[in-house]
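J.: Below is the sequence, then the predicted model.
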Amino acid sequence: MILPIPIWHAGGAKDLFLRLRLRLREPCRAGEIRCWASGPYHIYIDGVRLAGGTGGLLLGAPMPERLRFSGAWDSGEIEILVVARAGEAVSPWFCCEGKLFDASAVGGDGVVFCTGVDWHARPRRQDPSGSSDGLVFERQMAIDAPVAGESWEGVTPSTATTSVDGEAADGEAVGAAEFPVAPNELLGVGSVPAQADLEPTTLNPLANCKCVHHDALLAGGHGATQIRTVSGQAVQLQYDLGRQVWGWPALRLRGGRNGVVDLVYSTRRDTVEHHVRFHCGDGRQEMAGLALVRARYLTVRLTGFDEEDLSLEAVTVIERRTVVEAGSRIRVEPQIDAAWQLGAASLDGVRQEAYGPATRPQRYNWLEGWILQSNDLAQTGSARVARQTLLRCAPGSDPVPSDYGYLLALHDYHQHTGDADAADQALDQAQTLISHTAQLLDMSSASSSSDWAPAATAALALAGISAAAVVAEARDRDLEESAAVQRCSELLESCWREEAGLYAEAPDEDTFRQWTNGLALLAIGDEAGRGERVEQAMRRSGVAPVGDLTQVWVLAAGLGRAGRRQRLLDLIGNHWLRRLARPGSTWRDKRAVDATGAAPGPDALWTQYLLGVRPIGAGWSTREIRPPLELLARGHALIPVSEEDHIEMSWVPDRDDEDTGETESTTPDAIRLTLQIDVEGETHLRLARDGRKRPTISVNDEVVWRNEKIYPNPIVHLIAAEEDHVLLLLERTGRFRIRVE
């Protein structure tokens, strides 16, 4: 068996082509390839792109990626071409092993190949007149003959062998599937001067230029757009993709030798955020960029097609997402139900190898990552991407305040999965982060950052460290966090203003923000009875409101932790539900000003704080259910606790048939609650009194609580009376019918 070796160009080029010529003894219709690489790459066979990978672009270090594809290759010689970028590695490398086979004989031997000395390489030329943002690309497909003056050279084994072996032993990446997204609307077509800047400009009539079938590039379109230009003029088309899309820029065309195609992508109309340039050759040509772009609007400028027509077959963004089936369901009322569905669609666009749109060397935002992880666990119960993100995108040695979101993500992941190995690895990173707390607090005092004033930094640090301490206790680990907790608590307390009922931005300031106070509630909940005061005081004039949906989410989570459920419900209505009528299929699309941020939905806020379903022991071994009987008259929810298991809950008023609803009463209606629990462990069921001084509670038609007294029952292990609730401890799985009156 021949083992793959990592290879690269001997000259150490940052961008390059790698080529292997392979002879097939029989036709093949499918294939798979397992790749490691220091940077992003695309794989072509005979000029047709089959798949691409991110290398170390999204994760802290490259991991093996398994790519599956189909095609039609007859017996004879084929050419495998890899277009790769070095990434951040000092010694770049690409390594793969793969197989082509008959689709009906997947288990057969097929034709096996891997990287080695039989490959060839050559640098990929860059356009010297292109943009300076590094998003300029040359021909990126199989080329029958080298460009004049260039030739294929032998490859050299990379010095990254140890890294490759280490990554291979650590398992494969949770990969992302690809979905080409074509424009859905043509916004404009016309001509512009060939030398005009790519900045937004007024389109002139086509005049002597030709653009036929310009709607062929739209989703559902047929054929190709035919382009012909005249000297000094370019054809320009402007498109709307219909929503914010994150993926590889891609292009497919025929002919047009020596012409240039410029692709401009942006999240907002009439702006330039990403620029990709392609130089045309002969015959059928296909390319995909090596930098992920986020865009809704696309401008295509075509220049230099004076001698040969161009047939433009497709201009797309290849969206990447890790596909996980949503295992949840909520039916409460139409707006809430619609918001839940929109949340699932919103997660599709940010769930790749890691959560969110950050690519290396951009720093991973762990506050946003924690929120997106929370929503994913609420929607799907799948922790695969959460684990990979936690272990691969851990904060570095120069932490920033948002890195404390890593500790919150660690806590939620461990509570959801009980994964001891991942928790132990992440706790090592947590210890490093906690040791920098004093330094970060000092830096926040000297910083002019509005988002990370001393109080905000201390609050998030306190919330994160407290969460990590729960995991450490479960794993019998010592985080040595007491000094950091004390420092954060003292700083946050010094920012409390008794007369205002709010936390100020800093000990020596009297300015207030909802964002900072939301973080404070997230950290300390309703300690000293401040939750209600903060909730009311935040509505006063002079208190700076929250900005984007990330800040709204944190504020809502803080209110939920402090038990302010009605205010949380109002906040969701004001910032999410009222936007449902806007056009768009995700929360990001409905919140245009938040186009480049995380734009999270309220998914986990629903499950944890309103439906009240959350784990309070590792791996859901102990869970709390606090149905919103006092807030919502009826509802049904199916909440995933893993990809296979769920907790199902429904509640409705339990009225007599003779009750017409005409008699006024201060006593709430009786409630009939049904629970289906299939997960072993303890269930702490908290039932709101909701004005009932002496509620009667029945479980499976047997009274277990009446007149503040316990009636022994083998189903209910323990009952405890609280001021606002009655707590029932259930230790069995199965179906429970509960009546509260």
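T.: Received, thanks. Numbering: from 1, shown residues only.
J.: quick one: C495 from Q233, how far?
T.: Using C-beta to C-beta, to the nearest Å, C495 is found at 62 Å from Q233. For glycine as for every other residue, the C-beta is placed from the backbone atoms N, C-alpha and C.
J.: typed the wrong thing, it's E624
T.: Counting by C-beta to C-beta, the gap from E624 to Q233 is 68 Å.
J.: can you give me the helices for the stretch 51-200 of the chain?
T.: For the stretch 51-200 of the chain, the helices defined by DSSP state H, counting those that start in this stretch occupy 161-169.
J.: Over to the stretch 501-650 of the chain?
T.: For the stretch 501-650 of the chain, the helices defined by DSSP H, counting those that start in this stretch occupy 514-524, 531-537, 549-561, 565-575, 587-590, 603-605.
J.: residues of the fourth one that come out buried?
T.: So that's helix 565-575. Buried residues in helix 565-575, counted by 16 or more other C-beta atoms under 10 Å: R565, R567, L568, L569, L571, I572, H575.
J.: helix or strand right after the helix ranked longest in the chain?
T.: If you go by DSSP state H, the chain has its longest helix at helix 454-474. Going down the chain from helix 454-474, the next helix or strand is helix 482-494, by DSSP states H and E.
J.: now the angle from that next one to helix 514-524?
T.: 140 degrees (axes from the mean of the first three to the mean of the last three C-alpha atoms, to 10 degrees).
J.: Return the distance of helix 482-494 from the chain's centre.
T.: 32 Å (C-alpha atoms, centre = their mean, to the nearest Å).
J.: Only the buried residues of it, if you could.
T.: For helix 482-494, by 16+ other C-beta under 10 Å, it's A484, V485, R487, C488, S489, L491, L492.
J.: CA atoms of stretch 482-501 as CSV?
T.: C-alpha atoms of stretch 482-501 as CSV (Å, rounded to 0.1, in the frame of the first residue of the first chain):
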residue,chain,number,x,y,z
SER,A,482,-11.1,32.1,42.9
ALA,A,483,-8.8,35.1,42.5
ALA,A,484,-10.2,35.9,39.0
VAL,A,485,-13.8,35.5,40.3
GLN,A,486,-13.1,37.9,43.2
ARG,A,487,-11.5,40.5,41.0
CYS,A,488,-14.4,40.4,38.5
SER,A,489,-17.0,40.5,41.3
GLU,A,490,-15.4,43.5,43.0
LEU,A,491,-15.0,45.4,39.8
LEU,A,492,-18.6,44.7,38.8
GLU,A,493,-19.9,45.7,42.2
SER,A,494,-18.0,48.9,42.1
CYS,A,495,-20.0,49.8,39.0
TRP,A,496,-23.4,49.3,40.6
ARG,A,497,-25.4,52.5,41.1
GLU,A,498,-28.0,52.1,43.8
GLU,A,499,-29.9,55.3,42.9
ALA,A,500,-30.1,54.4,39.2
GLY,A,501,-30.7,50.7,39.7
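J.: Could you pull up the mean pLDDT of it?
T.: In this model, stretch 482-501 carries a mean pLDDT of 96.
J.: beta partners for A30?
T.: Bridge pairing for A30 (DSSP bridges) gives the partners S70, F101.
J.: how about the strands of the stretch 351-500 of the chain, start to end?
T.: Per DSSP state E, counting those that start in this stretch, the stretch 351-500 of the chain carries strands over the ranges 496-497.
J.: Have a look at the chain and report its longest strand.
T.: strand 233-255 (DSSP state E).
J.: Direction included, what does it pair against?
T.: Strand 233-255 has these strand partners (DSSP bridges): strand 185-193 (antiparallel), strand 284-288 (antiparallel), strand 293-303 (antiparallel), strand 310-321 (antiparallel).
J.: and that strand, which residues are buried?
T.: 233-239, 241-255.
J.: Tabulate the CA atom coordinates of that strand in PDB.
T.: C-alpha atoms of strand 233-255 as PDB (Å, rounded to 0.1, in the frame of the first residue of the first chain):
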ATOM      1  CA  GLN A 233     -16.300  49.300 -23.600                       C
ATOM      2  CA  ALA A 234     -17.200  46.600 -21.100                       C
ATOM      3  CA  VAL A 235     -20.600  44.900 -20.500                       C
ATOM      4  CA  GLN A 236     -21.700  45.000 -16.900                       C
ATOM      5  CA  LEU A 237     -24.500  43.000 -15.300                       C
ATOM      6  CA  GLN A 238     -25.800  43.500 -11.700                       C
ATOM      7  CA  TYR A 239     -27.500  40.700  -9.800                       C
ATOM      8  CA  ASP A 240     -29.300  40.100  -6.500                       C
ATOM      9  CA  LEU A 241     -28.700  36.600  -4.900                       C
ATOM     10  CA  GLY A 242     -31.800  37.000  -2.900                       C
ATOM     11  CA  ARG A 243     -30.200  36.600   0.500                       C
ATOM     12  CA  GLN A 244     -26.800  36.800   2.200                       C
ATOM     13  CA  VAL A 245     -24.700  33.800   1.000                       C
ATOM     14  CA  TRP A 246     -21.300  32.700   2.300                       C
ATOM     15  CA  GLY A 247     -19.200  30.500   0.100                       C
ATOM     16  CA  TRP A 248     -16.800  30.100  -2.800                       C
ATOM     17  CA  PRO A 249     -17.200  32.500  -5.800                       C
ATOM     18  CA  ALA A 250     -17.600  30.400  -8.900                       C
ATOM     19  CA  LEU A 251     -17.700  30.800 -12.600                       C
ATOM     20  CA  ARG A 252     -18.300  28.600 -15.700                       C
ATOM     21  CA  LEU A 253     -17.900  29.800 -19.300                       C
ATOM     22  CA  ARG A 254     -16.800  28.900 -22.800                       C
ATOM     23  CA  GLY A 255     -14.500  30.700 -25.200                       C
END
